[in-house]
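Student: Any chance you could fold what I've pasted below:
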Amino acid sequence: DTFNSQDIANVLNAFAKMDHRHPQLFDAVAKAAIHIIDSFNSQDIANTVNAFAKMDHRHPQLFDAVAKAAIPTIDSFNSQDIANTVNAFANMDHPHPELFDAVAKVAIPIIDNFNQQDIANTVSAFAATRHSTQT
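Tutor: This is a model prediction of the structure:
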């Protein structure tokens, strides 16, 4: 049996919530996730990168694959998924200008849907990565 995108996100988040560091597991799961990244929905993407950020576990290939998968579907992300995704990228010091540009394009028109925490996390991520956009 294989894990689907939700299984991957759930396992990673369980380890992150328990603050249980297991670098070999995170590396193996990242490798598996990269192969099925196109099947991840917005919540799976946000939860996966957020777990890596919580554990301060760097995996640039995963973050690049996530950005590539997220950009064309970013308009399906809700405010929390947007905030958590860019916040994870910022916390991992993994700037991705194309992802942040795509986020700015979709976030600005729906900013009224963001709660205070979503706004704070999103703005903080843009500031931390020193990303500016001309949208």
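Student: Name the helix or strand for the residue positioned nearest the centre of the chain, please.
Tutor: Central residue of the chain (CA atoms, centre = their mean): Thr85, 2.9 Å from the mean position. Using DSSP states H and E, Thr85 sits in helix 79-91.
Student: can you list contacts of that helix?
Tutor: Helix 79-91 is contacted from outside by 42-43, 45-47, 49-50, 52-53, 56, 63, 66-67, 70, 74, 77, 95-96, 99-100, 103, 106-107, 110, 113-115, 117-119, 121-122, 124-126, 128-129, using CB atoms under 8 Å, 6 or more residues apart in numbering. Using the backbone N, CA and C atoms, a C-beta is placed for each residue, glycine as well.
Student: Name the nearest residue to Phe100, sequence neighbours excluded.
Tutor: Once flanking residues are discounted, Phe100 sits nearest to His131: 4.4 Å by CB to CB, 6 or more residues apart in numbering.
Student: ok, the one you found - how many residues close by?
Tutor: For His131, the count of nearby residues is 19 (other CB atoms under 10 Å).
Student: wait, doesn't it sit right on Leu99?
Tutor: No: between His131 and Leu99 there is no contact under CB atoms under 8 Å: 9.3 Å.
Student: all helices of this protein, in order?
Tutor: 5-17, 23-35, 42-54, 60-70, 79-91, 97-107, 116-128 (DSSP state H).
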